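S.K.: the sequence isn't on hand, but the structure is:
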């Protein structure tokens, strides 16, 4: 199949494959919830809107770790650290 695709079309082909794989995975997750009330498109939109970049997730995790260490320090947790 790849031999029939021109090199300039490969990026679009890969994007399409990724999107379809993502849709298939979301569909599987959607169907696994017997208590679903939303349509698949509503479910998909909520998932896509709640998706955050990896950097943001890492920054939030680091901030939470610092906050936890600050709390430990405030109660005398001098032996704790990263």
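M.R.: The structure has been received and is ready for your questions. Just so it is clear, the structure is predicted and the values come from calculations on it, not from any experiment.
S.K.: contacting residues around the strand or helix carrying residue 20?
M.R.: Using DSSP states H and E, the element containing residue 20 is helix 10-32. Contacts with helix 10-32, where a contact means C-beta atoms under 8 Å, 6 or more residues apart in numbering, come from 2, 5, 36, 40, 43-44, 47. Glycine gets a C-beta too; all of them are placed from N, C-alpha and C.
S.K.: roughly how far is the one helix or strand in the chain whose mean pLDDT sits lowest from the heart of the chain?
M.R.: One helix or strand of the chain scores below all others by mean pLDDT, DSSP states H and E: helix 54-74, with a mean of 83. Offset of helix 54-74 from its chain centre (C-alpha atoms, centre = their mean, to the nearest Å): 19 Å.
S.K.: what helices or strands is that helix leaning on?
M.R.: For helix 54-74, not one helix or strand is in contact under the criterion 3 or more C-beta pairs under 8 Å, 6 or more residues apart in numbering; DSSP states H and E.
S.K.: give me the most central residue, the protein.
M.R.: Geometric centre of the chain, nearest residue: residue 51, 4.9 Å, by C-alpha atoms, centre = their mean.
S.K.: tell me the contacts of it?
M.R.: Residue 51 neighbours (C-beta under 8 Å, 6+ apart): none.
S.K.: helix, strand or coil for residue 34?
M.R.: coil (DSSP: H, G, I helix; E, B strand; the rest coil).
S.K.: that one: neighbour count?
M.R.: For residue 34, the neighbour count with other C-beta atoms under 10 Å is 5.
S.K.: low pLDDT regions in this protein?
M.R.: Scanning the chain for pLDDT under 70 picks out 1-2, 76-82.
S.K.: at 50 what do you get?
M.R.: For the chain, no stretch has pLDDT under 50.
S.K.: tally up the residues packed near residue 72, please.
M.R.: 14.
S.K.: no no, residue 64
M.R.: If we define neighbours as other C-beta under 10 Å, then residue 64 has 10 of them.
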